[in-house]
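Undergrad: Next comes the sequence, and after it the predicted model I'd like to discuss.
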Amino acid sequence: MTSRSIGLIALGALLLPAPGVQAQEIANEYRDVANRIIDAATDDHDAYARLTELVERFGPRISGSSALERAIDWMIVEMEEDGLDNVDTDAVMVPHWVRGNESLEMILPWPRELPMLGLGFSVGTPAGGIRGEVLVVNSFEDLESRADEAKGRIVLFNVPFTTYGQTVRYRSGGAVAAARAGAVASLIRSVTPYSQQTPHTGNSAYEDGVPKIPHAAITVEDADLLQRMQERGERVELMLKMEAQTLPDTPGRNVMAEIVGSEFPDEVIVFGGHIDSWDVGQGAMDDAGGVVAAWEAIRIMKELGLQPRRTIRAVGWTSEEQGRSGGPMYVENHADEDHILAMESDGGVFKPSGFGFTGSDEAFDIMQEIGTLLERIESGTITRGGGGADIAALMATGVPGMGLSVDGTKYFWYHHSDADTIDKLDPDEVALCVATMAVIAYVVADMPQRLPR
């Protein structure tokens, strides 16, 4: 290469706008429309009203249930009445676990009904139940050191909440560890930092070659009660009854609606949450709120007459709680489409602060600048690292991903429990989540250049 060629390349580089300058121009261009979207989302409580109707009309929506399918039918009608484009569903085969009747009673040293919830995919007990002496342990290592005491007993893992990732191991793996030690059933202290006698459910697992024993969660208060009784040398006996069973997989659906792009309709920005929930509470926080926030975001764009260059699709993925089959099936069904960005809300629609982002450095710089459009509602902080269970399969194909960041102070107070009900959410905070998701989705969908990978 000649010195003249090098000079021309250097001059060309000087004439091109720096990435920061380009990003700044994007923010300046979209400030007015972002403010219009924010105003429309926060001027009323329509999103909260729609969320309330969804969760109170249909209740909890576990995979394979008629409640989930009726909720999706209702959404289809409502989305069409909103005038949204391409209202549709994806066929998905989903797991079908049924709780049935269940109970836990302390027999000794004195009778007491203990609030409990069987854990997902647990087997049931024999018809007459399982009666056994309790062995309380505080970790997997504690169980290993006392394995000779566990045979024929009901093992209780009394492990206080630290982080979800650390503590949930006892929910997912407790039955296997207890069965290996010879236990006849296993219990866990609910995975939550706070309790008012509220047990929390969630998925559990078995391993081939290890006996499948019933697995359930009890409350924080009762786990500590049984611990203290054991430490005093009292004999504690429980009677556990569970009718839980796993039925064959059954048909389910993802549900979606769009605003079709005016210039690049085949380029898609997808966002949403999961429409299924556990079979307790209402699944308002986890995760009907995330679905409704995306749905309301595109409804507001439609109402404002905004049609971005690219297509924006709001999705309610199915079976995130029981198997996560909705996300991968979405990728399979839409493999021929050009996805630009995937966004997910699955941490509750509490006060938003921004997003975690996974993508290239160039894309991250652009997203940070777009985030400045949300400074007036304090929800525009874009940090490194984000995504979600439903968009993980899409992100694995190289699509940039984002997860909505919210004030999660009380999320695990209600998570997977009867307390996940609409009253735990604030109408103004729900509206802020709608505004935050809408602004990000619209700007990425409408800016002249596509978001780089």
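TA: Arrived safely.

Undergrad: So in this protein, where's the weakest helix or strand by average pLDDT?
TA: Every helix and strand of the chain was ranked by mean pLDDT, DSSP states H and E. The lowest is helix 3-15, at a mean of 38.

Undergrad: Past it, which element shows up next along the chain?
TA: Downstream of helix 3-15, the first helix or strand assigned by DSSP states H and E is helix 19-42.

Undergrad: before we move on, what SS does the residue most central in space within the chain have?
TA: By CA atoms, centre = their mean, the chain has its centre lying nearest to residue 346, at 3.3 Å. Secondary structure, DSSP: H, G, I helix; E, B strand; the rest coil: residue 346 is coil.

Undergrad: Wait, it touches residue 287, no?
TA: Yes: between residue 346 and residue 287 there is a contact at 4.9 Å, judged by CB atoms under 8 Å. Where you see a C-beta, it was placed from the backbone N, CA and C, and this is true even at glycine.

Undergrad: who touches both of those two?
TA: 273, 274, 320 (CB atoms under 8 Å, 6 or more residues apart in numbering).

Undergrad: Just send those residues back as JSON lines, with secondary structure too.
TA: Converted to JSON lines, those look like this (three-state DSSP):
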{"residue": "273", "secondary structure": "strand"}
{"residue": "274", "secondary structure": "strand"}
{"residue": "320", "secondary structure": "coil"}
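
Undergrad: Please convert the buried members of those into ChimeraX selection syntax.
TA: In ChimeraX, a selection of the buried entries from the shared contacts of residue 346 and residue 287 looks like this (16 or more other CB atoms under 10 Å):
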select :273,274,320
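
Undergrad: Show me which of the shared contacts of residue 346 and residue 287 is closest to residue 249.
TA: Of all the shared contacts of residue 346 and residue 287, the one with the least separation from residue 249 (CB to CB) is residue 320, at 15.5 Å.

Undergrad: wait, what's in contact with the closest one?
TA: Residues near residue 320 by CB under 8 Å, 6+ apart: 274, 276, 287, 326, 327, 346, 389, 390.

Undergrad: Can you tell me how far it is from residue 261?
TA: As judged by CB to CB, to the nearest Å, residue 320 and residue 261 stand 27 Å apart.

Undergrad: Domains in the chain, by residue range?
TA: Using automatic domain parsing, the domain parsing of the chain gives 19-97+248-446, 102-243.

Undergrad: how distant is the first one from the center of its chain?
TA: It stands for domain 19-97+248-446. 11 Å (CA atoms, centre = their mean, to the nearest Å).

Undergrad: and if you look at stretch 184-204?
TA: 18 Å.

Undergrad: avg pLDDT for that stretch?
TA: In this model, stretch 184-204 has a mean pLDDT of 98.

Undergrad: Sort out which residues of it are buried, please.
TA: 184-193, 195, 198-204.

Undergrad: Keep only those of those that are in strands.
TA: 185, 186, 187, 188, 189 (DSSP state E).

Undergrad: I'd like those residues laid out as a markdown table, including distance to residue 444.
TA: Compiled in a markdown table, those are given as follows (distance: CB to CB, whole Å):
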| residue | distance to residue 444 |
| --- | --- |
| 185 | 50 |
| 186 | 46 |
| 187 | 46 |
| 188 | 41 |
| 189 | 42 |
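
Undergrad: Looking at the residues you listed, which is nearest residue 150?
TA: Closest to residue 150, out of all of these and judged by CB to CB, is residue 186, at 9.6 Å.

Undergrad: Please name the bridge partners of the closest one.
TA: Beta-bridge pairing for residue 186 (DSSP bridges): residue 155, residue 215.

Undergrad: was I right about it contacting residue 155?
TA: Yes: counting by CB under 8 Å, residue 155 is a contact partner of residue 186 at 5.0 Å.

Undergrad: low-scoring stretches of the chain, by residue?
TA: Applying pLDDT under 70 to the chain picks out residues 1-23.

Undergrad: that older thread, winner for burial among the domains of the chain?
TA: domain 19-97+248-446 (a mean of 21; mean count of other CB atoms under 10 Å).

Undergrad: Excluding covalently adjacent residues, which one is nearest to residue 72?
TA: Leaving aside its sequence neighbours, residue 72 sits nearest to residue 255 (CB to CB, 6 or more residues apart in numbering; 4.8 Å).

Undergrad: For the one you found, give me the backbone phi and psi.
TA: Torsion angles at residue 255 (phi, psi; degrees, to the nearest 10) stand at phi -130, psi 140.

Undergrad: got a list of what it touches?
TA: 72, 75, 76, 79, 88, 89, 275, 315, 316, 318.

Undergrad: Looks to me like the third one is in a helix.
TA: To tie it back to what came earlier, the one meant is residue 76. Yes: counting by three-state DSSP, residue 76 is found in a helix.

Undergrad: mind checking the SS state of the closest residue to residue 383 other than its chain neighbours?
TA: Closest residue in space to residue 383, ignoring its immediate chain neighbours: residue 356 at 5.3 Å, by CB to CB, 6+ apart. Here residue 356 is strand, with the state taken from three-state DSSP.

Undergrad: Isn't residue 356 up against residue 386?
TA: Yes: counting by CB under 8 Å, residue 356 touches residue 386, with 2.4 Å between them.

Undergrad: my guess is residue 206 contacts residue 175, does it?
TA: Yes: here residue 206 reaches residue 175: they are 6.4 Å apart, a contact under CB under 8 Å.

Undergrad: Format the CA atom coordinates belonging to the helix or strand containing residue 365 as PDB.
TA: Using DSSP H and E, the element containing residue 365 is helix 361-371. Extracted in PDB, the C-alpha atoms of helix 361-371 (Å, rounded to 0.1, in the frame of the first residue of the first chain):
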ATOM      1  CA  ASP A 361     -19.600  -2.600  21.600                       C
ATOM      2  CA  GLU A 362     -20.900  -0.500  18.700                       C
ATOM      3  CA  ALA A 363     -24.500  -1.500  19.500                       C
ATOM      4  CA  PHE A 364     -24.000  -0.900  23.200                       C
ATOM      5  CA  ASP A 365     -22.900   2.700  22.500                       C
ATOM      6  CA  ILE A 366     -26.000   3.300  20.400                       C
ATOM      7  CA  MET A 367     -28.300   1.700  23.100                       C
ATOM      8  CA  GLN A 368     -26.700   3.900  25.800                       C
ATOM      9  CA  GLU A 369     -27.500   7.000  23.800                       C
ATOM     10  CA  ILE A 370     -31.000   5.900  23.100                       C
ATOM     11  CA  GLY A 371     -31.300   5.400  26.800                       C
END
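
Undergrad: just the angle between it and helix 19-42, please?
TA: When axes from the mean of the first three to the mean of the last three CA atoms, to 10 degrees is applied, the directions of helix 361-371 and helix 19-42 differ by 40 degrees.
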